[in-house]
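Student: predicted structure and sequence below. I'll ask about it afterward.
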Amino acid sequence: MQKRQRVMRMSVEQPMWRALAGYRVLTMLYAVGLFATGYDRFPRPGVAIAYYCVLSVWTVATLPKVANAASCTRRFLAADLTLALTGILLTPVADAQARIVDGGPTLPSIWTAGSVLAFALKGGWRWAAVASTAVAAANLVERGAPTRDTVHNVILVWVASIAIGYVVEVARASERTLARALEIEAVTRERERLARDIHDSVLQVLAMVQRRGAVIGGEAAELGRLAGEQEVALRTLVSGGLVPLPRASGGADGDTSGGAVVQTVDEDDEDTTGEPDGPVDLRALLAPYAGARVSLAEPGAPVLLRPAAAREVAAAVGAALDNVRRHAGEGARAWILVEDEPESVIVTVRDDGPGIPRGRLAQAEGEGRLGVALSIRGRLRDIGGTAELISVPGQGTEVELNVPKDAGAVDTTGTADDAGRTRGAKGASRTRGKAENR
């Protein structure tokens, strides 16, 4: 199936909001149940009943408000904290003074912590500090004097809310960094893909026009000179740095919530190119390369790969043969060997040319000549495979392409690439051995 990329918005703090919604409901039921068990000890239970009715309706009705950072507005937070503080201050009115002195719970009880945590998730540790300070002041007013239990509870809420707010801020900063890295990676891969296509077509044509123009002379020489200038400019463009990217968008409502990470994922989409959905025979794609000076050795049975992986391998083989014709001469011979291993497919391209001088590949890459770096190694890396190039001066060059059987099935930015390198290690060692024995 044709692969395409889409962008998803997701946040590591989203589970925290879901947990907060559940916490508010459970603590509301706990506060009501706590009152029901001690109903007969309340001198004015009507006040408590009225408060709990309001608290229950508010908690259920505002569940959508604590679904995410965008929905949790400042106005809601202010009203929510006001309801919690009102419950604390109404406790001396509804409950007996003796129970309050003995450390009895306030009307909202631990439901108050949910209001403070909403501040922490929305605005970080600074907002949490403000909300917890207001709760602490209300508790001290309700008790009349600071007691050990009151101070203990106040400090506990204070530390917990500030710590959670700080963790949320760190998580948002990490998400923004990850979003930026993923955007840069996506742009880098697209630039490499375009550079491969340009190298395989436009740059080669421009180089040919430059050479032929110099040989013909006259007006053709001027045309060749212009083609050479355009080739240099185009090489500089495709091997240049990254373009500036827009930063990942933050949260809604003009707040500092952030809470979104851009993640690129591969998904199967409907095939709009008319290509087969199932595996294809790699031999059919490599057969056109065989000729008078190119020998193809292949297994008798089909060598099946996913369409995208097979196309990339065939294109890499074509790039290797182009290098043979360009650098080893038209009279050079080349051999293509296809090996169908249990977990991978190995394609080896060998020639009898003069070989590559030591350090020439690094020099070519620095000059913007990215045939090996992008057209061969880049293609194999993108599908989770590896490309090893062994060259001994005077003994030709050998390129070994190692592709996992499941290449093209997963996102190759991570585990697939590592797996391809692991599976290709054995083949790479064999290639080095063959090169040294030639």
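Tutor: That came through fine. Residues are numbered from 1 along each chain as shown.
Student: check which helices and strands whichever strand or helix holds residue 47 sits against.
Tutor: Assigned by DSSP states H and E, residue 47 belongs to helix 45-61. Counting contacts by 3 or more CB pairs under 8 Å, 6 or more residues apart in numbering; DSSP states H and E, helix 45-61 packs against helix 14-37, helix 74-94. Any C-beta I mention is one placed from the backbone N, CA and C, and that applies to glycine too.
Student: what sits against residue 285?
Tutor: 310, 311, 313, 314 (CB atoms under 8 Å, 6 or more residues apart in numbering).
Student: try 6 Å this time
Tutor: Each residue near residue 285 by CB atoms under 6 Å, 6 or more residues apart in numbering is listed here: 310, 314.
Student: same deal with residue 68?
Tutor: Going by CB under 6 Å, 6+ apart, residue 68 touches residue 17.
Student: so how far is residue 292 from residue 307?
Tutor: 29 Å (CB to CB, to the nearest Å).
Student: and the two? Which one has more around it.
Tutor: Set side by side, residue 307 and residue 292 show more neighbours around residue 307, with 20 against 6, by other CB atoms under 10 Å.
Student: I figured that one was touching residue 280, is that so?
Tutor: Yes: with contact defined as CB atoms under 6 Å, residue 307 reaches residue 280; the gap is 5.2 Å.
Student: just the C-alpha atoms of the helix holding residue 47, please, in CSV.
Tutor: Taking Å, rounded to 0.1, in the frame of the first residue of the first chain, the C-alpha atoms of helix 45-61 are listed here in CSV:
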residue,chain,number,x,y,z
PRO,A,45,-27.3,20.3,58.3
GLY,A,46,-29.4,22.3,55.9
VAL,A,47,-26.4,24.6,55.1
ALA,A,48,-24.3,21.5,54.3
ILE,A,49,-27.0,19.9,52.1
ALA,A,50,-27.4,23.1,50.1
TYR,A,51,-23.7,23.3,49.6
TYR,A,52,-23.4,19.7,48.5
CYS,A,53,-26.2,20.1,46.0
VAL,A,54,-24.3,23.0,44.4
LEU,A,55,-21.0,21.1,44.6
SER,A,56,-22.5,18.0,42.9
VAL,A,57,-24.1,19.9,40.1
TRP,A,58,-21.0,22.0,39.5
THR,A,59,-18.7,19.0,39.5
VAL,A,60,-20.7,17.1,37.0
ALA,A,61,-21.6,20.1,34.8
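Student: how far off helix 74-94 does that helix point, in degrees?
Tutor: Interaxial angle, helix 45-61 versus helix 74-94 (axes from the mean of the first three to the mean of the last three CA atoms, to 10 degrees): 160 degrees.
Student: give the buried residues for helix 45-61.
Tutor: For helix 45-61, burial by neighbour count (16 or more other CB atoms under 10 Å) applies to 45, 47, 48, 51, 52, 55, 59.
Student: which SS state does residue 389 fall under?
Tutor: With DSSP: H, G, I helix; E, B strand; the rest coil as the basis, residue 389 sits in strand.
Student: now it. Nearest residue, chain neighbours left out?
Tutor: residue 399 (5.2 Å; CB to CB, 6 or more residues apart in numbering).
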